[in-house]
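> Compute the structure for the input listed below.
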Amino acid sequence: MRIPRLYQHMLWLAVAGIALAASAGCEPSGYKISLLTYDPESDDYGIRIKRVETLENIDRLDGSATVLRGSASLKLDYTTGYLEWRQPPRSVAFDWFESDGVIIPADFDSLAMISIYYSIELSKLFFEDLGFKSKILEKMPTYYWPSFDIVDENGPKSQKDNAFYLYLSPKERSFFILPFEQMQWIPMALNTGIITHEYSHAVFDVLVWDRNRQIQDQMVPSASNFVYALNEGWADFVAVARTGDPDFISHSIPKGLFVDFRGSDVVRDASMPLNYTAYLDQEARQTPPQSFDPYGIGAFVSALMYSFENRIDTSEITTNNIPSLEARVHVGTWFVQALDDMGENLTADFELYDFFSFFLTRIDSQTARTDFCDLLFDRYSLYYEEVRGCP
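Reported below is the predicted structural model:
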């Protein structure tokens, strides 16, 4: 199976049987389950009892949010662009017992799998709050702990300690949860922000790329890089908006653990004000897409939107100085609508300021539009005059 060109390099960076569902008119539907999840009030991960709403078969972790699959073995060959399934996946078995009306996972894998399912469910429900509903992403499979080898010019290498979304074809797109090996704090696959980040890539696919597969190979290199960077910034933005955690990656990758070739920490904290610099612009315009690092511009986009949420937030109730959920939903809804517009109007010479122009047209408040333009004037001064809709 051939992988689309754009996604071949993206993968590298992308670093209960018990009837608890109550009858109508009584308790909410779903299952009360003990699982690992993030709490924004305490800013930590812990075992908490949550209601999982979308499961249809709890023993197989099969529901409208996703369906878990195990025992897969596959190889992605960058030298040929082909994906080979060496062993097909099969249904997982969720092992559990019940205590006082709560489902308790009986082993680590069961705890991990139900926690992953819950994170994907939260992502799906959050996007519904933003006005995005797509049958395309329902029951998208999640491959748990597959044997996954990547082949490049240096030969095959087994992949570990990662979680990512991969588009294979219009009818085949999936999440991959790789084995935890080195990361013994909060593995990336158990970080609900990272799962939301990956789910957001799938939404970006539906809104933007599904309608523009034919022009991918026609895009000038800088346009491909800007779309790629926007995709990363969008995914970080949604992860922050859904969790209420501007520094969600740091729970899995502590600050200072990994540093890129520029000496920059790979952890991306949206609460830190970032400017669009000449260096970022030059990097996007002069780097071939297969070598481009999208996270610098992506972090700029995420931090810009986080600051915008704070500017329009009128709520008097905040948690740890995080923008209110109302502000996050407003900005997220405008972002979804702008990506939809972008998908309808994507060109081979796309520029980042084109997206900001789409975004401005979707802001339904003159005061908020002025606030966003003020932010662009401060942080996007290189191309402020190119943004349509700002004075």
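> Run through the stretch 151-300 of the chain and note the low-pLDDT ranges.
182-185, 255-267 (pLDDT under 70).
> now with 50?
By pLDDT under 50, the weakly predicted segments of the stretch 151-300 of the chain are 261-263.
> Strands of that one, residue ranges please.
Using DSSP state E, counting those that start in this stretch, the strands of the stretch 151-300 of the chain run over residues 155-158, 163-169, 172-177.
> What are the buried residues along the last one?
In other words, strand 172-177. Residues of strand 172-177 classed as buried: 173-177 (neighbour count, 16 or more other C-beta atoms under 10 Å). Heads up, the C-betas are built off the backbone N, CA and C, glycines and all.
> go on, stretch 103-110?
So, applying 16+ other C-beta under 10 Å, buried residues of stretch 103-110: 103-105, 109-110.
> Pull the contacting residues for residue 220.
Applying C-beta atoms under 8 Å, 6 or more residues apart in numbering to residue 220 gives the contacts 348-349.
> Among the strands of the stretch 151-300 of the chain, which comes closest to residue 43?
Set against residue 43 and scored by C-beta to C-beta, these come closest in strand 163-169, at 21.0 Å.
> Check the offset of the closest one from the chain's centre.
How far strand 163-169 lies from its chain's middle: 12 Å, per C-alpha atoms, centre = their mean, to the nearest Å.
> Over to stretch 187-196?
Relative to its chain's centre, stretch 187-196 lies at 9 Å (C-alpha atoms, centre = their mean).
> So what touches it?
36-38, 45, 112, 115-116, 118-120, 122-123, 126, 161-163, 175, 177-178, 180, 235, 238-240, 242-243, 245, 248-249, 251-253.
> which of these are buried?
Of the contacts of stretch 187-196, these count as buried by 16+ other C-beta under 10 Å: 36-38, 45, 112, 115-116, 118-120, 122-123, 126, 161-163, 175, 177-178, 180, 235, 238-240, 242-243, 245, 248-249, 251-253.
> Which of the residues you listed fall in helices?
Among those, the residues falling in helices (DSSP state H) are 112, 115-116, 118-120, 122-123, 126, 235, 238-240, 242-243.
> Closest to residue 351 out of those?
Taking C-beta to C-beta as the measure, residue 351 sits nearest to residue 235 out of these, at 19.9 Å.
> Residue 52 versus that closest one, what's the distance?
23 Å (C-beta to C-beta, to the nearest Å).
> Equivalent analysis for residue 203, please.
For residue 203, the distance to residue 52 - C-beta to C-beta - is 21 Å.
> got the contact list for the residue lying closest to residue 46 once chain neighbours are set aside?
Distances taken as C-beta to C-beta, 6 or more residues apart in numbering put residue 39 closest to residue 46, at 6.7 Å, once the chain neighbours are dropped. Contact partners of residue 39, counting by C-beta under 8 Å, 6+ apart, are 45-46, 48.
> how about CSV for those residues, with distance to residue 89 added?
As requested, the contacts of residue 39 are arranged in CSV below (distance: C-beta to C-beta, whole Å):
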residue, distance to residue 89
45, 27
46, 30
48, 29
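> Which members of the residues you listed are positioned in strands?
45-46, 48 (DSSP state E).
> any chance of these in TSV, plus distance to residue 386 and pLDDT?
Below are those laid out as TSV (distance: C-beta to C-beta, whole Å; pLDDT from 0 to 100):
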residue	distance to residue 386	pLDDT
45	42	95
46	46	95
48	47	97
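> before we move on, the earlier item: what's across from the residue nearest to residue 46 in the sheet?
Beta-bridge pairing for residue 39 (DSSP bridges): residue 44.
> any idea how far it lies from residue 246?
With C-beta to C-beta as the criterion, residue 39 and residue 246 are 15 Å apart.
> go on, residue 271?
Taking C-beta to C-beta, one finds residue 271 at 4 Å from residue 246.
> Overlap in contacts, the two.
residue 306.
> more neighbours, these two?
residue 246 (25 against 16; other C-beta atoms under 10 Å).
> Does the more buried one touch residue 299 like I think?
No: counting by C-beta atoms under 8 Å, residue 246 sits too far from residue 299 to count as a contact (11.1 Å).
> shared neighbours, those two?
residue 270.
> In contact with residue 371, which residues?
Applying C-beta under 8 Å, 6+ apart, the residues contacting residue 371 are 308, 311-312.
> Confirm that it lies within a helix, as I assumed.
Yes: under DSSP: H, G, I helix; E, B strand; the rest coil, residue 371 sits within a helix.
> Quick check, pLDDT for it.
pLDDT, residue 371: 98.
> quick one, what contacts residue 226?
Applying C-beta under 8 Å, 6+ apart to residue 226 gives the contacts 284, 297, 350-352.
> Disregarding residues adjacent in the polypeptide, which is nearest to it?
residue 352 (4.8 Å).
> Mind pulling the model confidence for residue 352?
On pLDDT, residue 352 comes in at 98.
> Relative to residue 280, how far out is it?
Counting by C-beta to C-beta, the gap from residue 352 to residue 280 is 10 Å.
> who has more neighbours, the two?
residue 352 (27 against 19).
> Between its first and last residues, how far does stretch 137-147 reach?
24 Å (C-alpha to C-alpha, to the nearest Å).
> Can you name the residues in contact with it?
Contacts of stretch 137-147 (C-beta under 8 Å, 6+ apart): 62-74, 86-87, 89, 92, 109, 112-113, 116-117, 120, 124, 158, 173-179, 199, 202-203, 206.
> How many residues are close by residue 272?
So residue 272, with other C-beta under 10 Å, has 13 neighbours.
> residues contacting it?
residue 303.
> Try it again at 10 Å.
246-247, 299, 302-303, 306-307 (C-beta atoms under 10 Å, 6 or more residues apart in numbering).
> Same question for residue 381.
275-277.
> re the thing from before, wait, which of the ones in helices among the buried ones among the contacts of stretch 187-196 is closest to residue 362?
Among these, and counting by C-beta to C-beta, the member closest to residue 362 is residue 238, at 15.7 Å.
> Angles on the backbone of residue 63, please.
Dihedral pair for residue 63: phi -160, psi -180, per degrees, to the nearest 10.
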